[in-house]
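>>> Next input, structure requested:
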Amino acid sequence: MLGAYQYTPAIWPSIFTLILLTVLAVYAWRRRSLPGALPFAIYCLLGVLFLAAKVIEFLAVDFETKVFWFNLEYPWWMPGTTALTCFVLEYAWPGRWVTRRT
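Here you go, the predicted model:
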């Protein structure tokens, strides 16, 4: 989307988080055979997509461009939440705790 963009210092926390999520995604992808690593890597990648759109939304000046990037970033919430839930359930290994005996 073409529009007016302007630098703002409000993007730096999101950029640092983007870098952190990228490093965590690579780290988890290399260890994807461990329990919970693959859903965590997917969650990190979806978070990168969300934050990239959020940074561009911060940079946008006019209202139509902000609305465009807002509409582009929020479809990543549901798959991200699903991936995070799968990570938590796989990492916690509920089959170990929830058995017929206990």
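>>> Residue 18 touches residue 53, doesn't it?
No: because the distance of 10.8 Å does not satisfy C-beta atoms under 8 Å, residue 18 is recorded as not touching residue 53. Quick note: C-beta positions are derived from backbone N, CA and C, even for glycine.
>>> Show me where this structure dips below the pLDDT cut-off.
1, 94-102 (pLDDT under 70).
>>> For it, which segments are assigned as helices?
Along the chain, counting by DSSP state H, helices occupy 12-30, 37-59, 63-73, 77-92, 94-97.
>>> Identify whichever of these lies nearest to residue 5.
Distance to residue 5, taken as C-beta to C-beta, is lowest for helix 37-59 among the helices of the chain, at 4.4 Å.
>>> Include mean neighbour count when you put the helices of the chain into JSON lines, please.
What follows is the helices of the chain, written out as JSON lines (neighbours: other C-beta atoms under 10 Å):
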{"stretch": "helix 12-30", "mean neighbour count": "15"}
{"stretch": "helix 37-59", "mean neighbour count": "20"}
{"stretch": "helix 63-73", "mean neighbour count": "15"}
{"stretch": "helix 77-92", "mean neighbour count": "15"}
{"stretch": "helix 94-97", "mean neighbour count": "9"}
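>>> Quick one: those helices as TSV, columns for distance to residue 4 too.
Output for the helices of the chain, formatted as TSV (distance: least, C-beta to C-beta, whole Å):
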stretch	distance to residue 4
helix 12-30	19
helix 37-59	9
helix 63-73	7
helix 77-92	27
helix 94-97	50
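>>> Among those, which comes closest to residue 3?
Smallest distance to residue 3 across those (C-beta to C-beta): 3.3 Å, for helix 63-73.
>>> Please work out which residues outside that closest one touch it.
With C-beta atoms under 8 Å, 6 or more residues apart in numbering as the contact definition, helix 63-73 has outside contacts at 1, 3-5, 49-50, 53-54, 56-57, 60.
>>> Now the residue most central in space within the chain: closest residue in space, sequence neighbours ignored.
Centrality entry for the chain: nearest residue to the mean C-alpha point is residue 47, 1.1 Å, by C-alpha atoms, centre = their mean. The shortest distance from residue 47 to any residue that is not its chain neighbour, by C-beta to C-beta, 6 or more residues apart in numbering, is 4.8 Å, and that residue is residue 21.
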